[in-house]
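> Sequence and predicted structure are below.
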Amino acid sequence: MKTQRFAVLGLALAVIAGTATAQFDENDYYVSAPFVNGASGIYVSDSETGVTTPFALGLLIPHYGWFGNDGNFYVPDRGYPALMKVTADGNATPLSLGGHFLKPVTCIPTPDGSAFVVSDMEAHKIVQVDYSGNQTLLHDAASTGGLLAGPDGIAYDDDGNLFVANLLTDTIVKIDPAGSASLFAQDPALIRAPGGLTIDGAGNLYIANYDLHTIVRFRLDTGVGSVFAGPDLEKMVFPNDLKLSREGGLIVAGRQGRVTRIDALGGLEVIFENPELIEFDGVSVKQDSNYCTGRYETYGAGTAGTGGFTPYFGAIFSPCSGHTIGLEFRDFLGGAPGVLLVSSGGLAPGTQQFKGTDLLVDPAGPVFMTLGLFVPGVGGGGGNMTLQFEVPVMTGLDGLQLYHQVFVVDPAAPKGVSASNGLLETFGL
């Protein structure tokens with residue numbers, strides 16, 4: 001059903017800008033600071049100096065925002081309650097007030113970019129809001145069989161499935177394009193007070209865990225989860241919002257007025273902090289509002305070795321010019337030499353074999369290279385590592401495809417070699 005936006009006569013709730021000359025910068029960090037006495041609102045941190053200054057004051061409890069395709073900034077404010085529109089001069093007005101909203105907290109674009117999807121933690125609803133402010137109810141507790149319970153962070157995957165972090169039940173819910181909801185993840189050891197969500201181009205779902213001071217990662221294809229970063233209270237405390245960064249890795253907002261960057265190895269680096277602002281509920285960078293179009297895709301199957309472990313070869317983050325990405329090796333024989341094959345051509349399973357296993361990259365491709373490896377660790381399934389790379393900035397990279405596969409010496413494997421699945425890397429913008 002639809003609810004028209006609540007008209008505010010004379011824009012009585014208009015917010016006075018912190019500075020009339022402020023403009024959106026592609027690289028600066030716009031953070032939501034809801035707990036500053038008398039000065040709650042959106043602050044901007046200069047990407048070069050780290051100096052944080054007011055941008056739009058007078059908001060009440062702003063949360064996780066997003067830059068729209070119209071050049072404005074949009075942020076849910078659960079204090080009004082409304083989805084607020086913030087212009088480049090720092091003027092903030094309610095775009096959509098009341099209606100389904102009780103405590104709206106997160107907004108992301110719809111997959112086609114024509115509107116926003118907003119979660120409401122108190123109404124237990126997911127609501128679509130178009131650029132005119134019209135509300136359309138998408139999902140609620142009833143339509144999801146009671147699975148929506150304090151929805152906070154939300155993110156879409158490439159198939160149009162919506163993933164939702166539930167604050168009240170410490171769960172992650174998956175809602176398919178037809179509206180059918182299911183429980184995706186529930187693990188008290190990994191998920192506690194989940195907030196921001198984001199999904200990369202390699203099929204990884206990242207979750208900010210407020211109470212555990214960690215970022216966890218779940219594979220979308222297997223549902224397997226693990227701690228990706230933290231806890232490290234010197235660098236990340238009570239993480240809230242979580243975004244993919246075009247400058248590399250993830251950026252996370254939390255307490256101490258701190259924003260932290262996380263690389264493909266799970267390493268933490270404080271970008272800037274201002275303890276006087278107490279806690280950042282949201283962080284947004286204009287250039288990050290357009291996701292990288294690069295993708296990784298696994299294909300084929302490997303060959304098991306010692307202990308029956310089949311090596312897995314995957315990736316972290318999204319392959320675009322200038323991005324930092326990770327190539328991930330799991331369940332190999334520890335302490336074994338190996339080789340990474342890279343080609344511009346791939347082979348379907350069963351086409352050609354090497355040492356008794358399917359060869360999934362084409363050695364006759366126009367581009368073919370090998371990289372010698374030594375897998376650390378001990379024993380079958382004990383060889384794990386992640387190699388981090390920076391994708392070069394170069395023209396013509398968009399759409400380029402590279403196929404990868406790894407072979408490792410393993411006496412217990414057929415013909416003494418175990419092998420990974422194939423990994424297709426498609427570079428994007």
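Ah, there it is. The structure presented is a predicted model; accordingly, all values stated were derived computationally and were not measured.
> Tally up the residues packed near the closest residue in space to F309 that isn't next to it in sequence, please.
Using C-beta to C-beta, 6 or more residues apart in numbering and skipping the chain neighbours, the partner closest in space to F309 is G381 (3.7 Å). The C-beta positions use only the backbone N, C-alpha and C, and glycine is treated the same way. Using other C-beta atoms under 10 Å, G381 is surrounded by 19 other residues.
> Within the sheet, what are the partner strands of the one helix or strand G381 maps to, with directions?
Taking DSSP states H and E as the criterion, G381 maps to strand 368-390. For strand 368-390, the paired strands and their directions (DSSP bridges) read strand 324-343 (antiparallel).
> Would you indicate which residues of the strand it pairs with are buried?
Buried residues in strand 324-343, defined by neighbour count with 16 or more other C-beta atoms under 10 Å: 324-334, 336, 338, 340-343.
> OK, contacts around G201?
Taking C-beta atoms under 8 Å, 6 or more residues apart in numbering, we find G201 in contact with Y291, C292, T293, G294, R295, Y296, F317, S318, P319, G428.
> now for the helix or strand that comes right after the strand holding G381, which elements pack on it?
Per DSSP H and E, the first helix or strand lying C-terminal to strand 368-390 is strand 401-409. Counting contacts by 3 or more C-beta pairs under 8 Å, 6 or more residues apart in numbering; DSSP states H and E, strand 401-409 is packed against strand 312-316, strand 324-343, strand 368-390, strand 417-419, strand 422-426.
> again, only using 10 Å
On a contact count with 3 or more C-beta pairs under 10 Å, 6 or more residues apart in numbering; DSSP states H and E, strand 401-409 meets strand 295-299, strand 312-316, strand 324-343, strand 357-358, strand 368-390, strand 417-419, strand 422-426.
> Among these, which comes closest to V31?
strand 324-343 (22.1 Å; C-beta to C-beta).
> Now find how far off-centre the closest one is within its chain.
Relative to the centre of its chain, strand 324-343 is centred 24 Å away, using C-alpha atoms, centre = their mean, to the nearest Å.
> any idea of the angle that strand forms with strand 422-426?
Interaxial angle of strand 324-343 relative to strand 422-426 (axes from the mean of the first three to the mean of the last three C-alpha atoms, to 10 degrees): 120 degrees.
> and the helix or strand that strand 324-343 is followed by, how far out from the chain's middle?
Following strand 324-343 in sequence order, the next helix or strand is strand 353-354 (DSSP H and E). What separates the centre of strand 353-354 from the centre of its chain is 37 Å, taken as C-alpha atoms, centre = their mean.
> Can you give the strand pairings for strand 353-354, parallel or anti for each?
strand 357-358 (antiparallel).
> starting at the chain centroid, how far to the strand it pairs with?
Going by C-alpha atoms, centre = their mean, where strand 357-358 is centred and where its chain is centred differ by 34 Å.
> How about stretch 263-277?
Worked out by C-alpha atoms, centre = their mean, stretch 263-277 lies 16 Å from the chain centre.
> Who are the contact partners of T310?
Counting by C-beta atoms under 10 Å, 6 or more residues apart in numbering, T310 touches 301-304, 330-332, 381, 413, 418-421.
> where does E247 land on pLDDT?
For E247, the pLDDT comes out at 89.
> ok, back up a step: name all residues that make contact with the residue nearest to F309.
Going by C-beta under 10 Å, 6+ apart, the list of residues near G381 reads 304-311, 330-334.
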